[in-house]
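Enquirer: Quick one, fold the following:
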Amino acid sequence: LERLLNAENELRDFTLEGFPAIQHLGNVLFLVHLLAYLASITGNAVIITITCADSRLHTPMYFFLSIFSFFECCFISAVIPKLLVIFLFGRQTITSLACFIQAFVFLFLGAAGSLLIAVMSVDRYMAICKPLHYPTIMNLKTCFLLVTACCVLAFTFIAGLIITVSQLSFCGPNIIPHFFCDIGALIHLSCSDTRSAEMVAFVIALCVLLTSLLITIIAYSNIVVTIVRLPSARERQKAFSTCSSHLIVLSMMYGSCVFIYVKPKQRNRLDSNKEAALVNTVVTPLLNPVVYTLRNKQVHQALRETMCRMKISK
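Expert: You can find the predicted model right below:
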């Protein structure tokens, strides 16, 4: 009987708070975020298309970049469309099932993307610091195995976390102080003991983010050492320019993620999490296509040739 009463009291719907202080600017915010969303989708879609269409880009680096771009498209599509609906129509309600699905997809793609960035850093390290061994080590089979490993690890971690949080009781307030179903905000709403769920979330965030960050730092540190030893000043300047651009985007992504998730108590600083999450879901995906490939001369050439072929075919 007690279980039945608890089941009846369980929340079926949640309400996403969004940004109540600026909700009166809904139409303007809708337009800004829609343009950013379309630009991110377009930029990442161009990367995927060009990589598949041009045989010169069938290399490990561009293979990883195309997979990363696909992750980015799915990552922002898990969050931004609902945010647009909130801005335009004010529809803030989301079912508990949809909420947990959104949380899983968002975290899974975020974790897989973070691990993939570490793989991409190792790939660049091998290409620059171990050029003689690079073709034999980073073959197609190795690339597929590395991407599969990223997905399997991310799925295992995030599925375990979502299952742990879904077993909590939600019988009190149903307003999520966020613009999407963030795991920390969900834990905060639970009316049961959340210490185990908070610890699981903290450990997973620590393992995924800090391990990926550490691998990336080690790889780029070795790359920088190798670049410094280059004889040509022009080559050093070009390499440093590319690395600095990558590191700017990486610092924004890792900084926002560490700020949001790597803390033992998920109840702390929920309000400030929204601003950090906006950087992670709007700004960084918008910059990634520009930094990683659209500034690349090889990609520019492939894009021009593809457009020329399209014009000729018409």
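Enquirer: List the residues that contact Ile22.
Expert: Leu29 (C-beta atoms under 8 Å, 6 or more residues apart in numbering). Glycine gets a C-beta too; all of them are placed from N, C-alpha and C.
Enquirer: how about a cut-off of 10 Å?
Expert: Going by C-beta atoms under 10 Å, 6 or more residues apart in numbering, Ile22 touches Val28, Leu29, Phe87.
Enquirer: Let me see the contact set for the residue nearest to the last one when sequence neighbours are not counted.
Expert: Of all residues not flanking Phe87 in the chain, Phe30 sits nearest, at 3.9 Å (C-beta to C-beta, 6 or more residues apart in numbering). Contacts for Phe30 were tallied using C-beta under 10 Å, 6+ apart; they are Leu83, Leu84, Val85, Ile86, Phe87, Leu88, Phe89.
Enquirer: try 6 Å
Expert: By C-beta atoms under 6 Å, 6 or more residues apart in numbering, the contact list for Phe30 reads Leu84, Phe87, Leu88.
Enquirer: what's around the second one, how many residues?
Expert: Same thing as Phe87. Applying other C-beta atoms under 10 Å, we find 24 residues neighbouring Phe87.
Enquirer: And it, how far from Ala39?
Expert: For Phe87, the distance to Ala39 equals 17 Å [C-beta to C-beta, to the nearest Å].
Enquirer: and the gap between Phe32 and Gln92?
Expert: One correction, residue 32 is Val, not Phe. In this structure, Val32 and Gln92 are 19 Å apart, going by C-beta to C-beta.
Enquirer: who's more crowded, these two?
Expert: Counted by other C-beta under 10 Å, Val32 and Gln92 do not tie: Gln92 has more neighbours, with 18 against 13.
Enquirer: any idea how far that one lies from Thr136?
Expert: As judged by C-beta to C-beta, Gln92 and Thr136 stand 54 Å apart.
Enquirer: Run through the strands of the chain in chain order.
Expert: 13-16, 93-95, 175-176 (DSSP state E).
Enquirer: picking that back up, now, the contacts of Ile22 that are in helices?
Expert: If you go by DSSP state H, the contacts of Ile22 have Val28, Leu29, Phe87 in helices.
Enquirer: Would you mind giving the residues you listed as a markdown table with distance to Ile76 and pLDDT added?
Expert: Conversion of these to a markdown table gives the following (distance: C-beta to C-beta, whole Å; pLDDT from 0 to 100):
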| residue | distance to Ile76 | pLDDT |
| --- | --- | --- |
| Val28 | 20 | 89 |
| Leu29 | 16 | 86 |
| Phe87 | 15 | 87 |
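Enquirer: hang on, the earlier thing: using TSV, lay out the strands of the chain together with mean neighbour count and distance to Ser212.
Expert: What follows is the strands of the chain, written out as TSV (neighbours: other C-beta atoms under 10 Å; distance: least, C-beta to C-beta, whole Å):
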stretch	mean neighbour count	distance to Ser212
strand 13-16	18	28
strand 93-95	15	29
strand 175-176	18	27
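Enquirer: Format those strands as TSV; extra columns: distance to Ile223.
Expert: Formatted as TSV, the strands of the chain follow (distance: least, C-beta to C-beta, whole Å):
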stretch	distance to Ile223
strand 13-16	41
strand 93-95	43
strand 175-176	41
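Enquirer: possible to save those as a markdown table with mean pLDDT and distance to Ala112?
Expert: Formatted as a markdown table, these follow (pLDDT from 0 to 100; distance: least, C-beta to C-beta, whole Å):
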| stretch | mean pLDDT | distance to Ala112 |
| --- | --- | --- |
| strand 13-16 | 87 | 24 |
| strand 93-95 | 90 | 23 |
| strand 175-176 | 86 | 24 |
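Enquirer: And the contacts of Ile22, which is closest to Gln237?
Expert: When the contacts of Ile22 are ranked by distance to Gln237 (C-beta to C-beta), Leu29 comes first, at 40.1 Å.
Enquirer: which residue sits closest to the closest one, ignoring its sequence neighbours?
Expert: In this structure, Leu29 finds its nearest non-sequential neighbour in Phe87, 4.7 Å apart by C-beta to C-beta, 6+ apart.
Enquirer: That neighbour against Val28, yeah?
Expert: No: checked against C-beta atoms under 6 Å, the pair Phe87 and Val28 is beyond contact range at 8.6 Å.
Enquirer: Can you tell me the centre-most residue of the protein?
Expert: Gly110 (3.7 Å; C-alpha atoms, centre = their mean).
Enquirer: Near the nearest residue to it once chain neighbours are set aside, how many residues? Count them for me, please.
Expert: Once flanking residues are discounted, Gly110 sits nearest to Phe75: 6.3 Å by C-beta to C-beta, 6+ apart. As a burial measure, Phe75 scores 25 neighbours (other C-beta under 10 Å).
Enquirer: For Phe75, give its distance to Ile176.
Expert: Phe75 is 19 Å from Ile176, by C-beta to C-beta.
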